[in-house]
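**Q** this one's sequence-less:
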Ligand code: ASP
């Protein structure tokens, strides 16, 4: 029987005083870079470089981790997450799946840059075949800064990964005392330490110096309940995001297709809308077998099917609550299985 079924009762409890908060103990930390591993020449300057210090240094800054779990660290990459890419995602997913398939590893924490953490989290949420906790964390201030936020974020992330109540809730993002679900979380401020919000669905829980409170589980299918497999996958299909605006040049849509895009995400205005010329270009794309998803450049709310744009006629897919960056991730994975707009829409309705 799946671990998540065994844990269903624990998952749904808001306060579970009888459940040991740190029953899981063997936690692997996979470092990928980001500001959390960034460094600057002084403690008080805005300028810095991401992905400079290694996993040992990150862990050495938080000796209190030994009170929470047995920790082992690995360096998977060391990049600013603006350079996160499909190749690192495939390596990371393979490593997480391999670790979690062992009896020994009871949870994984991934350190990451804040810029694209929501994309990596959502990607892993769809391809990790385990109910054990997977927690991403990050920081807005580099490791060398005055009041660096990384060490406490790592501490809290390990506390969540070591908490059996985190199992079965999908991939989580723990930053600044908040526990977010991978599907809902988004970065909302370029510099503020409190940058992450889950505007549509709210938090999964909170954590205060490693004391966790869980409110709910994620609403959509994820991890062991998702249909995506990366077995034998060497690369992901190219999917481009096109940002709609007044006076948009529709020939960019044709150019993306000519350059080899297998899928497009329109970051539409309002409810995923686009110019009349763009609709004609999108119709050309879908006719040529390119999958097109309509999302929105608007911060919150869902992009609905057939509202102002006729998806049935255009052959397009509506992204629902997924923002353009996450719609792109799901479309990449969907294209590993099908090009059929109806089947892809069903995946957007499910995940
Ligand atoms: N550019 C950085 C990154 O995503 C920003 C950060 O981590 O806060 O790696």
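**A** On my side now, so go ahead. Since the structure is predicted, the reported quantities are computational estimates derived from the model, not experimental observations. Residues are numbered from 1 along each chain as shown.
**Q** name the nearest residue to residue 195, ignoring sequence neighbours.
**A** residue 189 (4.2 Å; CB to CB, 6 or more residues apart in numbering). (C-beta placed from N, C-alpha, C; glycine too.)
**Q** quick check, residue 328 in a helix?
**A** Yes - using DSSP: H, G, I helix; E, B strand; the rest coil, the assignment for residue 328 is a helix.
**Q** count of residues packed around the residue lying closest to residue 117 once chain neighbours are set aside?
**A** Using CB to CB, 6+ apart and skipping residues adjacent in sequence, the residue nearest residue 117 is residue 138, 5.1 Å away. Residue 138 has 32 neighbouring residues, counting by other CB atoms under 10 Å.
**Q** what is the burial count for residue 123?
**A** For residue 123, the count of nearby residues is 28 (other CB under 10 Å).
**Q** how about it, what does it touch?
**A** By CB atoms under 8 Å, 6 or more residues apart in numbering, the contact set of residue 123 is 89, 93, 329, 333.
**Q** next, give phi and psi for the spatially closest residue to residue 62 that is not a sequence neighbour.
**A** Spatial nearest neighbour of residue 62, chain neighbours left out: residue 151 (4.7 Å); criterion: CB to CB, 6+ apart. Phi and psi for residue 151, reported as degrees, to the nearest 10, are phi -60, psi -50.
**Q** now do residue 107
**A** phi -170, psi 160.
**Q** distance check, the residue lying closest to it once chain neighbours are set aside against the ligand.
**A** Distance criterion CB to CB, 6+ apart; nearest residue to residue 107, sequence neighbours excluded, is residue 161 at 3.5 Å. Distance from residue 161 to the ligand, counting by CB to the nearest ligand atom, to the nearest Å: 20 Å.
**Q** tell me who's in contact with residue 161.
**A** Applying CB under 8 Å, 6+ apart, the residues near residue 161 are 24, 27, 69, 106, 107, 108, 109, 133, 134, 135.
**Q** can you rerun that using 6 Å?
**A** Residue 161 is in contact with 27, 107, 109, 133, 135, counting by CB atoms under 6 Å, 6 or more residues apart in numbering.
**Q** and the closest residue to residue 300 other than its chain neighbours, how many residues sit next to it?
**A** Sequence neighbours aside, residue 199 is the residue nearest to residue 300 in space, at 4.3 Å (criterion: CB to CB, 6+ apart). If you count neighbours by other CB under 10 Å, residue 199 ends up with 14.
**Q** is it true that residue 199 touches residue 298?
**A** No - look at residue 199 against residue 298 with CB atoms under 6 Å: they stay out of range, at 10.5 Å.
**Q** which element is the residue nearest to residue 300 on?
**A** Using DSSP states H and E, residue 199 is not contained in any helix or strand.
**Q** okay, it: pLDDT?
**A** Note for residue 199: predicted pLDDT of 94.
**Q** got the phi and psi for it?
**A** The phi and psi values for residue 199, taken as degrees, to the nearest 10, are phi -60, psi -30.
**Q** quick check: residues of the stretch 1-150 of the chain near the ligand?
**A** Contact residues (CB under 6 Å from any ligand atom) of the stretch 1-150 of the chain with the ligand: 34, 35, 50, 80, 81, 82, 113, 114, 115, 138, 140.
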